[in-house]
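Colleague: okay, sequence plus prediction incoming.
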Amino acid sequence: MAAADLNTIRATIEARLATELAGSPVIPVVFHNMPYTPTPNSSWVQCQTQFGANEFLTQGGTSDSDNRIVGLVIFNIFSAAGVGPGANYVIGKRVRDLYNRINVSGVYFDAPEGPQALTPAPEGYFQTQVRVTFEFIEEL
Amino acid sequence: MAFYRGEEGSVKFDDAGSSNSAITSTRSWSLTLDKEVLSTTVMGDTYGGNVGGIIQGTGSVEVIYTASSADETAAFIDHINTATDEGTASFELFLDTSGDKKISFDGVVNSAELSATVGEIEIITVNFTTNGTITTAI
């Protein structure tokens, strides 16, 4: 076994979203530290993967032992303002269904929170947020 | 002076009592050693007298269930289901990662608690009682 590659975990999470939203209807996705200028009145999703507090899971030294890596994925969903929440929630369901209680390549996702409407939203947009906590067992 | 943390501990076991192997994914272990106290007080004494008697221990090991069959883990978890247990299973409880500091003994697994809780990793707690000599190399 080996130490966890956090970039692999991040890629597992992000690739799943990118694949889903590349399907019809296509929704632009923006990940951490990427520039993006949205088209007015369009829908788009921002995905932020964060790693949080980790902990020892089992006994042992630097080998033959396990750690628990905990993280949070935040999806900010933007859609046109002034036309109701329906279009936004359709995207929210697609996002939510992608991660709801599943295990992908050893990344365990919990039940998602949201979509929760956020105010104030950026001018011209209605914004909701879906949050999903996840954990990964690092096997050393 | 050295300090030790719980994650440095580990457990080895052999149900046949000969060649111990590691138990994978142990989360904790504990051992309580008890010594009987025998009174030597006789009539006319002003103060009570006591001497030590029989020593034995009880303890537990918490194992995270991983379905491991590569070592003694499966045998350890399943040892409670042994029909004729003569108490010859070998235990080693390690205090550090060097393998030098340990408590070893033969024993009987007298209970096991298996549980599965939503949102939590599955844990099996194995409780044991010592049988015979207890060697403390600490």
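Modeller: Received, thanks. Residues are numbered from 1 along each chain as shown, chains lettered A, B, ... in the order given.

Colleague: in stretch A:60-69, what's buried?
Modeller: Within stretch A:60-69, the residues scored as buried using 16 or more other C-beta atoms under 10 Å in any protein chain shown are A:Gly60, A:Asp64, A:Ser65, A:Asp66, A:Asn67, A:Ile69. Just so you know, the C-beta spots here come from the backbone N, C-alpha and C atoms, and that holds for glycine as well.

Colleague: so, low pLDDT: which residues of chain A?
Modeller: A:1 (pLDDT under 70).

Colleague: can you list the residues of it near chain B?
Modeller: Taking C-beta under 8 Å from any C-beta of the partner chain as the measure of proximity, chain A contacts chain B at A:Phe56, A:Leu57, A:Thr58, A:Gln59, A:Gly60, A:Gly61, A:Asp64, A:Ser65, A:Asp66, A:Asp110.

Colleague: of the residues you listed, just say which sits nearest to A:Val29.
Modeller: The nearest member of those to A:Val29, counting by C-beta to C-beta, is A:Asp110 at 21.5 Å.

Colleague: for the closest one, which non-adjacent residue is spatially closest?
Modeller: A:Thr133 (4.7 Å; C-beta to C-beta, 6 or more residues apart in numbering or on different chains).

Colleague: that neighbour in helix, strand or coil?
Modeller: strand (DSSP: H, G, I helix; E, B strand; the rest coil).

Colleague: partners of the helix or strand harbouring B:Ser90, with directions?
Modeller: If you go by DSSP states H and E, B:Ser90 is part of strand B:89-94. Using DSSP bridges, strand B:89-94 pairs in its sheet with strand B:10-14 (antiparallel), strand B:102-115 (antiparallel).

Colleague: tell me which of the ones you listed sits most buried.
Modeller: Most buried of these, by mean neighbour count (mean count of other C-beta atoms under 10 Å in any protein chain shown): strand B:10-14, with a mean of 23.

Colleague: now the element after it, going C-ward?
Modeller: Heading C-terminal from strand B:10-14 (DSSP H and E), you reach strand B:21-22.

Colleague: quick check, that following strand touching chain A?
Modeller: Yes - residues of strand B:21-22 contacting chain A under C-beta under 8 Å from any C-beta: B:Ala22.

Colleague: show the average pLDDT along that strand.
Modeller: What strand B:21-22 shows for mean pLDDT is 90.

Colleague: quick one: list the elements packing against that strand.
Modeller: For strand B:21-22, the elements it packs on are strand B:10-14, judged by 3 or more C-beta pairs under 8 Å, 6 or more residues apart in numbering or on different chains; DSSP states H and E.

Colleague: ok, residues contacting the strand it packs on?
Modeller: A:59-60, B:20-23, B:26, B:29, B:61, B:72, B:75-76, B:89-94, B:97 (C-beta atoms under 8 Å, 6 or more residues apart in numbering or on different chains).

Colleague: now that strand, how far from the chain's geometric center?
Modeller: Here strand B:10-14 is found 9 Å from its chain centre; the criterion is C-alpha atoms, centre = their mean, to the nearest Å.

Colleague: would you map the strands across chain A?
Modeller: A:29-31, A:44-51, A:55-56, A:66-80, A:103-104, A:107-109, A:113-118, A:125-139 (DSSP state E).

Colleague: ok so, going back, could you export the strands paired with strand B:89-94 as a markdown table, including mean pLDDT?
Modeller: Shown next, in a markdown table, are those (pLDDT from 0 to 100):
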| stretch | mean pLDDT |
| --- | --- |
| strand B:10-14 | 94 |
| strand B:102-115 | 94 |
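
Colleague: show me the contacts for B:Tyr47.
Modeller: By C-beta under 8 Å, 6+ apart, the contact set of B:Tyr47 is B:Thr41.

Colleague: most centrally placed residue in the chain?
Modeller: Went with chain A since none was named. A:Val73 (3.5 Å; C-alpha atoms, centre = their mean).

Colleague: correction: the question concerned chain B.
Modeller: B:Gly59 (4.8 Å).

Colleague: still on that earlier bit, so which of the strands of chain A comes closest to B:Asp85?
Modeller: It's strand A:66-80; of those, that one is closest to B:Asp85 (C-beta to C-beta) at 30.0 Å.
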